[in-house]
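Novice: Any chance you could fold what I've pasted below:
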Amino acid sequence: MKLFIKNMVCIRCKMALKSELEKLGLQYTQLQLGEVEIKGSISEDQLKLLDKGLRKYELELMDDKRSMLIEKIKSAIIELVHYTDDQLKVNLSDYLSEKLDYDYTYLANLFSEVQGITIEKFFISQRIEKVKELLVYDELSLTEISYKLHFSSVAHLSNQFKRITGLTPSYFKQLKHKRKGIVDIDNV
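Specialist: Predicted structure coming up:
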């Protein structure tokens, strides 16, 4: 039996799901972002307990097909941006259509209707979140980040970053260093 989980976006979410499944003695054959394949059957009581346990982690079971599809779109984009280094060899619309086996126009209309933003804006916001994460790690230059996340140029990355956050990447990085300095002073 396949179960779909809302708001499951990271490895910690997978760990939380594994923990809740173990508490209920449920075994699974496959666990990935947004879904789990349970071995055998699961009772209504177990479903309720699993949902209650997942809500502690701001996760929840889904049974609405539209919601499940929205979560699959989000998971596909999050996986693409945050967990793969491969460059997207086709455009996003073709990638999502192929991965989810739906017409992109349907996916885009459904996503916009339910989420209130376009798939493209969600994709851009996820890319900017990844840029922020890489800036905080301070291991890559802006040029390297731009290349890694497949922006057409550093200027393109900077413009998108400023439009989403209101800050330039350089200023964002300075804020991080200022906050670290404040923390260091507090620890003296």
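Novice: C-alpha only now, for contacts and for neighbours.
Specialist: Noted.
Novice: quick check, residue 13 in a helix?
Specialist: Yes: the assignment for residue 13 (DSSP: H, G, I helix; E, B strand; the rest coil) places it in a helix.
Novice: Measure how buried it is and give me the count.
Specialist: The burial count assigned to residue 13 is 20, neighbours taken as other Cα atoms under 10 Å.
Novice: same check, this time on residue 51
Specialist: Other residues near residue 51 come to 18 when the count uses other Cα under 10 Å.
Novice: OK, contacts around it?
Specialist: Residues in contact with residue 51 (Cα atoms under 8 Å, 6 or more residues apart in numbering) are 59, 60, 61.
Novice: wait, doesn't the second one sit right on residue 5?
Specialist: When you say that, I think you mean residue 60. Yes: if you go by Cα atoms under 8 Å, residue 60 and residue 5 touch, sitting 5.5 Å apart.
Novice: Which one of these two is surrounded by more residues?
Specialist: The residue with the greater number of neighbours, taking residue 60 and residue 5 and applying other Cα under 10 Å, is residue 5; the counts read 24 against 20.
Novice: Next up, the contacts around the more buried one.
Specialist: Remark: with contacts taken as Cα under 8 Å, 6+ apart, residue 5 is in contact with 34, 35, 36, 59, 60, 61, 62, 68, 71.
Novice: Sheet partners, orientation included, of whichever strand or helix holds it?
Specialist: According to DSSP states H and E, residue 5 maps onto strand 2-6. Applying DSSP bridges, strand 2-6 is found paired with strand 35-38 (antiparallel), strand 60-62 (antiparallel).
Novice: mind giving me the domain ranges of the chain?
Specialist: The chain resolves into domains spanning 1-63, 122-186 when parsed by automatic domain parsing.
Novice: can you redo these as JSON lines with mean pLDDT and distance to residue 116?
Specialist: Output for the domains of the chain, formatted as JSON lines (pLDDT from 0 to 100; distance: least, Cα to Cα, whole Å):
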{"stretch": "domain 1-63", "mean pLDDT": "89", "distance to residue 116": "16"}
{"stretch": "domain 122-186", "mean pLDDT": "86", "distance to residue 116": "10"}
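Novice: Turn those domains into CSV, columns for distance to residue 109.
Specialist: Putting these into CSV (distance: least, Cα to Cα, whole Å) gives the following:
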stretch, distance to residue 109
domain 1-63, 20
domain 122-186, 13
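Novice: for those, which one sits closest to residue 92?
Specialist: Residue 92 lies closest to domain 122-186 among those, at 8.8 Å (Cα to Cα).
Novice: what about that closest one, distance to the chain center?
Specialist: When C-alpha coordinates are averaged (Cα atoms, centre = their mean, to the nearest Å), domain 122-186 and its chain have centres 17 Å apart.
Novice: Going by neighbour count, list what's buried in the helix or strand encompassing residue 70.
Specialist: Using DSSP H and E, residue 70 sits in helix 65-83. Of the residues in helix 65-83, those with enough neighbours to count as buried (16 or more other Cα atoms under 10 Å) are 67-78, 80-82.
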